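> sequence unknown, structure follows:
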C-alpha cells in the first residue's frame, strides 16, 4: 500500500479530522483514509465502486435535472436492496 505525507497542513484541519475520527470511533489515520476514499468516489470497504460511481443517491437519481428514467431509478433501488439482503 502507498503512503503519503501532507506538509504544511493547517492545525485547525488536523483538529477537525481528529474530532471527526473520535465521532466515528476510529483512529485519525483511518479517518484520513476514509476521507480520501470518499473524496475520490470510493468506499473504504473492499469491493468499493470505481471513481465514476455516484457520490450519493441523489447524484445517481439526478432528481434536479430529471436525467434518470423511472426504470433506472427502480433498478438502482432494487440493486441496493439486493446488496442489503446478502
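Nice, I can see it. These numbers come from a predicted model, not from an experiment.

> could you give me the average pLDDT of the longest helix along the chain?
Ordering each helix of the chain by length in residues (DSSP state H) puts helix 70-85 first. Taken as a whole, helix 70-85 has a mean pLDDT of 78.

> With stretch 20-38 instead?
According to the model, stretch 20-38 has a mean pLDDT of 89.

> buried stuff in it?
Buried residues in stretch 20-38, defined by neighbour count with 16 or more other Cβ atoms under 10 Å: 21, 31, 32, 34. Just so you know, the C-beta spots here come from the backbone N, C-alpha and C atoms, and that holds for glycine as well.

> Save the residues you listed as JSON lines, and put in distance to residue 12 and secondary structure too.
JSON lines is the format used below for the buried residues of stretch 20-38 (distance: Cβ to Cβ, whole Å; DSSP: H, G, I helix; E, B strand; the rest coil):
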{"residue": "21", "distance to residue 12": "15", "secondary structure": "helix"}
{"residue": "31", "distance to residue 12": "15", "secondary structure": "helix"}
{"residue": "32", "distance to residue 12": "15", "secondary structure": "helix"}
{"residue": "34", "distance to residue 12": "19", "secondary structure": "helix"}
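
> Having no further points to raise, I will conclude here.
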